[in-house]
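Colleague: Quick one, fold the following:
(2 chains)
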Amino acid sequence: MSLWKIFSRGIYEENPILRLALSLCPALAVTSTVQNALTMGLSVLFVITANNVMVSISRKWVNPKVRVPIFIISIATIVTVVELVLEAFFPALFKSLGIYLSLVVVFAIILARAEVFASKNKVIPSFFDGVGMGLGFTLAMVLIGGIREIFGAGTFLGYRLLGTWYDPPMVLILAPGGFLVIGCIIGLMNVYQERLDKMFIAKILTTPQAKDSV
Amino acid sequence: MEHAVSRENSLQQILLVALNLATACLIAGCVIASVFVMTNPFAERNRKKMAVDAMQQLMPNATGFRLIPGYSSWYLAQCNTVPLGYVLGIQTKGYGGAMKILAAVDTNDILINYTILSHNETPGLGDGAEKPKFRNQFKGKSASQLVVVKSHDPDKIDAMSGATITSRAVTNAIRNELFALQGYQKSLAAQ
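Modeller: All right, here's what the predicted structure looks like:
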């Protein structure tokens, strides 16, 4: 599989939140504002790439029977090191990330990629898989956060978009609203994908050469 | 014979697995420890600087803050040797967990301002406690005026809509700390 394919499938086809339905927890909890969503997405992007690389480098020495605990140790170590470095040299960034960075350790998507891909592939493909998944995660988070912040508070990244005439439904900022937004996005994406698949199959069946080969 | 061999093998297997896990933990521990040793001096300096910066922002005229003996988070704010007031570090529990508040009072026990150092309140609702709309109500009030009401009473504190628990947590924490400060001042005067 080409490196581009490995990278790009994390963005749409196998988008962690909207297709694999992994890490819905942060997708719900951290997307009430776009700023939080973006910050969390970028943190995850960094950790998942670093972890994929570490797991891939050490894949020959890890005993399969304890691989999951060892992956978690790896993720927790990476996150702790990032926290320590940020607190020492980038205190303002550390303060704004706050508790979000610690939470990253438990995200299913990071463990899933380590288990499904990084432990069975070489370092460079694992790197691109991490970047693709992290980027797909971030884009999904910003999409969800954007909808929730614009329609739930009338702002985007803190800038007021909708005037005071707009009385926002507060449910969008709270958990039930988050569920609804994510569900609708996934539903719409599924409908769109079904239509694409139908068009693709119809195209195959009507092209003479393709029909012969089928 | 076969049973004995397989039991020894599985014991060996368990030991190998355990060794594998233990080695991973050891490596991780060493990495974290060495990074900590290298970064902690800088982190400690940053923590102290952020604490002083936060206090300086609350009382811009102060040139120095002295820790009050016996209290781990109360500071006397001075301009050279003239006492300007106090800065109180307060820990309380809000809607979403622990909150750290820094409150500045003048020498007449009137609240000057406060700032929230850390919180876990709901974005868009409880985190309004940091914003001027809620915070400005506190300026110039005394401890007995720091009571949350739901009517628009300029003499008291108007709760944030949709964030009553956060409003109460912040108000009550500051009020109680002010009462404690008054108790301390009385005990000083009595000596």
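Colleague: alpha carbons only for contacts and neighbour counts from here, please
Modeller: Noted.
Colleague: isn't A:Arg148 right up against A:Thr31?
Modeller: Yes - the pair A:Arg148 / A:Thr31 is scored as a contact, 7.2 Å apart, by C-alpha atoms under 8 Å.
Colleague: For the two, list the residues in contact with both.
Modeller: Listed as contacting both A:Arg148 and A:Thr31 by C-alpha atoms under 8 Å, 6 or more residues apart in numbering or on different chains are A:Gly178.
Colleague: beta partners of the residue nearest the centre of chain B?
Modeller: Note on chain B: the residue nearest the mean C-alpha position is B:Lys100, at 2.3 Å, using C-alpha atoms, centre = their mean. Taking DSSP bridges as the rule, B:Lys100 bridges to B:Gln91, B:Ser118.
Colleague: For it, give its distance to A:Pro125.
Modeller: 45 Å (C-alpha to C-alpha, to the nearest Å).
Colleague: cool, A:Ile147 as well?
Modeller: 33 Å.
Colleague: pLDDT score for B:Glu2?
Modeller: Predicted confidence (pLDDT) for B:Glu2: 54.
Colleague: A:Val82 too?
Modeller: Turning to A:Val82, the model gives it a pLDDT of 89.
Colleague: Same check on A:Glu149?
Modeller: A:Glu149 is given a pLDDT of 90.
Colleague: pretty sure the residue nearest to the centre of chain B contacts B:Asn120?
Modeller: No - here B:Lys100 lies out of contact with B:Asn120, judged by C-alpha under 8 Å, at a distance of 10.0 Å.
Colleague: and the residue of chain A nearest chain B?
Modeller: Taking C-alpha to the nearest C-alpha as the measure, the point where chain A comes nearest chain B is A:Ala88, at 3.9 Å.
Colleague: show me what contacts that residue?
Modeller: Listed by C-alpha under 8 Å, 6+ apart, the contact set of A:Ala88 reads B:39-44, B:46.
Colleague: ok, of the residues you listed, which one's closest to A:Val131?
Modeller: Using C-alpha to C-alpha, B:Thr39 is the member of the contacts of A:Ala88 that lies nearest A:Val131, at 27.3 Å.
Colleague: how about the nearest residue to the closest one, chain neighbours excluded?
Modeller: Closest residue in space to B:Thr39, ignoring its immediate chain neighbours: A:Ala88 at 5.5 Å, by C-alpha to C-alpha, 6 or more residues apart in numbering or on different chains.
Colleague: and stretch A:98-112, anywhere near chain B?
Modeller: No - under the criterion of C-alpha under 8 Å from any C-alpha of the partner chain, stretch A:98-112 makes no contact with chain B; the nearest approach is 8.7 Å.
Colleague: what are the ranges of the strands in chain B?
Modeller: B:64-67, B:74-79, B:82-93, B:98-106, B:111-118, B:148-149, B:157-158 (DSSP state E).
Colleague: Kindly reformat those strands as TSV containing mean pLDDT.
Modeller: Putting those into TSV (pLDDT from 0 to 100) gives the following:
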stretch	mean pLDDT
strand B:64-67	86
strand B:74-79	88
strand B:82-93	90
strand B:98-106	91
strand B:111-118	89
strand B:148-149	86
strand B:157-158	88
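Colleague: Can you tell me which of the ones you listed is nearest to A:Ser56?
Modeller: Closest to A:Ser56 of those is strand B:111-118 (C-alpha to C-alpha; 37.5 Å).
Colleague: So which other helices or strands are in contact with the closest one?
Modeller: Packed against strand B:111-118, as judged by 3 or more C-alpha pairs under 8 Å, 6 or more residues apart in numbering or on different chains; DSSP states H and E, are the following elements: helix B:2-58, strand B:98-106.
Colleague: what's the longest one packed up against?
Modeller: With contacts defined as 3+ C-alpha pairs under 8 Å, 6+ apart, the packing partners of helix B:2-58 are helix A:67-89, strand B:98-106, strand B:111-118.
Colleague: for these, which one sits closest to B:Gln182?
Modeller: strand B:98-106 (11.1 Å).
Colleague: Let me know the pLDDT of the residue nearest to B:Thr39.
Modeller: What the model reports for A:Ala88 is a pLDDT of 90.
Colleague: what does A:Thr207 give?
Modeller: pLDDT, A:Thr207: 77.
Colleague: what number of residues lie near it?
Modeller: Counted with other C-alpha atoms under 10 Å in any protein chain shown, residues neighbouring A:Thr207 total 10.
Colleague: Over to A:Gly130?
Modeller: 31.
Colleague: Name the SS class of it, please.
Modeller: State at A:Gly130, reduced to three classes by DSSP: H, G, I helix; E, B strand; the rest coil: helix.
Colleague: pretty sure A:Leu97 contacts A:Thr39?
Modeller: Yes - assessed by C-alpha under 8 Å, A:Leu97 is found in contact with A:Thr39 at 7.0 Å.
Colleague: who's more crowded, the two?
Modeller: A:Thr39 (20 against 17).
Colleague: Assumed the more buried one was part of a helix.
Modeller: Yes - counting by three-state DSSP, A:Thr39 is located in a helix.
Colleague: what's it in contact with, if anything?
Modeller: Counting by C-alpha under 8 Å, 6+ apart, A:Thr39 has contacts A:Leu97.
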